[in-house]
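S.K.: Structure for this input, please:
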Amino acid sequence: MNIDFPLILVIVVLGSGAIWLLDSLLLARGRATRRLQLAEQFPGYDQAGSKASQAFAEACDREASEPAVVEYARSFFPVLAVVLVLRSFLYEPFQIPSSSMVPTLEVGDYILVNKFSYGLRLPVTRTKIFDAGERERGDVMVFFPPHQNDTYYIKRVIGIPGDRVAYRNKQLLVNGEPVPQEWLAEFPSGRYTVKMGRETLPGTDGHLMQVDNRRGPRNFSVVVQPGHYFMMGDNRDNSSDSRVWGQVPERDIVGRAVAIWMHWEEFLSVPSYRRAGAIDWPARRVGHEPTSISSNTAHETCQYSGL
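M.R.: Numbering: from 1, shown residues only. This is a model prediction of the structure:
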């Protein structure tokens, strides 16, 4: 079962804000009036340590104190409201639980997703407020896939509207032109090898990817529909992506993944910051080798992390 964290956050923020507002407009005045009445009943209440002062304080606690629910709402609303704004319109953290984007993203990477680079959307409803930058080939996107529209996925944009994308014998082609590949390393796996290299989509600086020679090429050819995007994982032979469940409509894009800020693979392990930095930065370093190569069957989701 997927927990709809944005919906829960919106409900808690609206609920705590409504309680605080209602108390400020209606109930707080009644408590203030009652305190004035109690002050008249206890002359000398303002003398510290006196019996009148003690009796006045006890009476206020019984008859004019702020309810606990109001106190909690007043305390948590500003913090939760800031969290809601940050997560909905600026940056949102996610954790990578699978290997479909290896070697770019590894299991246990914690990433930041830019929520305003493609425009702003309201949380929960996904209604666009305004449009912004272009979605480009090579962008690493978080989105909701068409077959599982309540789960966050992360893949790379391979084709934009109007592109013809093809894959033949593990060679990617965009609009009929082979995408340049530079193989950097090979890792034995029995009689076969897992190869890691740099791939340069049109108009990009390049990114890391890998292929598993134990698996077939999964050849295809498709034209990207208007308002849709063709997504593929960098772990080409171990990724469920647009080759399986189709193209992603623009309305289901969440944001662009821009940075890795921490790596924490297991709960009992020690968090590491050795991979911290902009996503795809290693692809521009000559001779870079990944920290791991995965040949396991990959999943494709990404998960919330913290607030």
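S.K.: give the contact list for D237.
M.R.: By CB atoms under 8 Å, 6 or more residues apart in numbering, D237 lies in contact with 170, 211-212, 214-215, 218. Any C-beta I mention is one placed from the backbone N, CA and C, and that applies to glycine too.
S.K.: Between which two of the residues you listed is the distance greatest?
M.R.: R214 and R218 (12.7 Å; CB to CB).
S.K.: Check the burial of L7 by counting its neighbours.
M.R.: Residues within reach of L7, counting by other CB atoms under 10 Å, total 12.
S.K.: So it: helix, strand or coil?
M.R.: helix (DSSP: H, G, I helix; E, B strand; the rest coil).
S.K.: And for L173?
M.R.: L173 is classified as strand under three-state DSSP.
S.K.: How about it, nearest residue that isn't a chain neighbour?
M.R.: Once flanking residues are discounted, L173 sits nearest to A166: 4.3 Å by CB to CB, 6 or more residues apart in numbering.
S.K.: Pretty sure the one you found sits in a helix.
M.R.: No: going by three-state DSSP, the assignment for A166 is strand, not a helix.
S.K.: can you give me the helices for the chain?
M.R.: 5-22, 28-41, 51-63, 68-85, 242-245 (DSSP state H).
S.K.: What residues of the first one count as buried?
M.R.: Same thing as helix 5-22. 6, 9-10, 12-13, 16-17, 19-20 (16 or more other CB atoms under 10 Å).
S.K.: Put together a markdown table for those, with pLDDT and distance to E136 on each row.
M.R.: Below are the buried residues of helix 5-22 laid out as a markdown table (pLDDT from 0 to 100; distance: CB to CB, whole Å):
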| residue | pLDDT | distance to E136 |
| --- | --- | --- |
| P6 | 88 | 26 |
| L9 | 94 | 30 |
| V10 | 94 | 30 |
| V12 | 95 | 36 |
| V13 | 96 | 33 |
| S16 | 96 | 39 |
| G17 | 95 | 38 |
| I19 | 94 | 44 |
| W20 | 92 | 43 |
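S.K.: Who are the contact partners of the nearest residue to P226 once chain neighbours are set aside?
M.R.: Spatial nearest neighbour of P226, excluding adjacent residues (CB to CB, 6+ apart): P161 at 4.9 Å. By CB under 8 Å, 6+ apart, the contact list for P161 reads 224-229.
S.K.: at 10 Å instead, please
M.R.: Taking CB atoms under 10 Å, 6 or more residues apart in numbering, we find P161 in contact with 135, 223-230, 247, 250.
S.K.: Now render those residues as TSV, adding neighbour count, pLDDT and distance to R236.
M.R.: Below are these laid out as TSV (neighbours: other CB atoms under 10 Å; pLDDT from 0 to 100; distance: CB to CB, whole Å):
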residue	neighbour count	pLDDT	distance to R236
R135	17	93	21
V223	14	98	20
V224	21	98	18
Q225	14	97	22
P226	8	97	26
G227	11	95	25
H228	19	97	21
Y229	26	98	17
F230	26	98	13
Q247	19	97	18
E250	16	95	24
